[in-house]
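Visitor: what follows is a predicted protein model with its sequence.
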Amino acid sequence: MAYDVTFIPGDGTGPEISEATRRVIEATGVEFNWDWQDAGIDVYEAEGTPLPDRVIESIKQTKVAIKGPITTPVGSGFRSVNVALRKALDLYSCQRPIKLYDGVRSHFDAVDYVIIRENHEDLYAGIEFEEGSEDALKLIEAIKDISGTEIRHDSGISIKPISIFGTERIVRSAFEYAKKHGRKKVTLAHKSNIMKFSDGLFLRVGTRIAQEEYPEIEFDDRIIDNLCNQLVSRPEEYDVIVLPNLYGDIVSDLGAGMIGGLGLAPGANIGDDYAIFEATHGSAPKYKGLNKINPTALILSSVMMLHHLGESDAATRLENAIADVIREGKDVTYDLKPTRDDPTAVGTAEFADAIIAKLQASVPA
Ligand code: NAD
């Protein structure tokens, strides 16, 4: 059976890593009917929107997409296509495994934890009031009336909503991930000592879900600053970490730094009905067309997609093939070499070729 999957190649370096990923995932022997859908800057020029309805319609049909990164030009007037897609399909759970592979240069010996980041709420909700605007001044007056708190009139304001509904489902998603992948512990991160009614709610509701619904899985919590300290001093103590949106964003990049960089950090955005698999990194536009950047993050995202589709055997074979190539350290991109200008570094396509060769060697005769 061939799986119907939407493939969004993205822009910048997106098409190069997408092509590498397509070739590698097809080499597992799992069959796909790709529905190719362009989105991003080039589409904006041709179709007047960076995210045409056809892209959303395709994912509603296929239910699963894999996606290269898409640029959000600063000051262009259009909001992030990545954020818009997650909202349109209600992909509330962002899942990012942080795993250190042998052969990668890192300050750490062993790292293997998973970040589950809430995708819609918190300071990312987009509720913003510009400094000096009529609405900002109205809000400042209203807050003074309601709470007596004085906010300086020359302030810009961003609102941080965290709901019971949003917290319940992201914490459940973290526990379901732990159950599905045999993980033993969930840690909830927050700053409830300072933000009692937003992060405090996240902690209170999360603790209730843990106790009432998942007593068989260990649960604890950490204040976010302490979590950052401990992640880099005792990473082996962490397994699954569930965080509100902004902390999840920051800790994702911290995690990528612990395992060799953004070129190695995969991800998935999952909702109740649809899923999009994409790397943590952006479109790295300065490397566009150079066949240079590391395709591993998107290829590992495709490993997550294979698990999601129930193709766990192919997923394991592909992950092992990637791990072998990285361990050997020969046919890898510049970011995995001892120095960035190492002349033995291979390109994006050749890295994919090396993974395909390992996959072919591992297939039983
Ligand atoms: P970026 O992740 O694109 O790149 C930052 C740097 O990280 C690069 O210059 C490069 O040195 C390194 N890097 C990233 N990916 C790499 C890889 N696969 N292999 C080797 N090195 C890699 O971040 P940025 O420059 O801040 O963002 C560029 C654009 O991407 C922005 O428009 C941003 O909005 C967008 N973006 C998109 C997504 C997404 O599509 N989900 C995510 C983040 C950023």
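Guide: Done, it's in.
Visitor: which parts of the stretch 1-150 of the chain are helices?
Guide: Using DSSP state H, counting those that start in this stretch, the helices assigned to the stretch 1-150 of the chain run over residues 14-26, 41-47, 53-62, 81-88, 134-147.
Visitor: touching the second one from outside, list them.
Guide: Taking contacts as CB atoms under 8 Å, 6 or more residues apart in numbering, the residues outside helix 41-47 that touch it are 11, 49, 50, 51, 52, 70, 71, 73, 78. To be clear about C-beta, it is placed using only N, CA and C from the backbone, and glycine gets the same treatment.
Visitor: if you set the cut-off to 6 Å instead, what comes out?
Guide: 11, 50, 71 (CB atoms under 6 Å, 6 or more residues apart in numbering).
Visitor: ok, which of those also contact the ligand?
Guide: residue 71 (CB under 6 Å from any ligand atom).
Visitor: what is the nearest of the contacts of helix 41-47 to the ligand?
Guide: Nearest to the ligand out of those is residue 71 (CB to the nearest ligand atom; 3.8 Å).
Visitor: can you list the residues of the stretch 1-150 of the chain near the ligand?
Guide: Residues of the stretch 1-150 of the chain lying close to the ligand (CB under 6 Å from any ligand atom) are 69, 70, 71, 72, 82.
Visitor: now, which of those residues sits nearest residue 286?
Guide: For these, the minimum distance to residue 286 (CB to CB) is 11.4 Å, reached by residue 71.
Visitor: picking that back up, any idea which of the helices of the stretch 1-150 of the chain scores lowest on pLDDT?
Guide: Set side by side, the helices of the stretch 1-150 of the chain show their lowest mean pLDDT on helix 41-47, which sits at a mean of 85.
Visitor: if I pick the residue of the chain found nearest the ligand, what's in contact with it?
Guide: Here the residue of the chain nearest the ligand is residue 282; by CB to the nearest ligand atom that distance is 2.3 Å. By CB under 6 Å, 6+ apart, the residues touching residue 282 are residue 69.
Visitor: is the helix or strand hosting residue 248 in proximity to the ligand?
Guide: Per DSSP states H and E, residue 248 falls inside helix 245-258. No: Helix 245-258 does not reach the ligand (CB under 6 Å from any ligand atom); its nearest approach is 8.9 Å.
Visitor: that'll do, ta.
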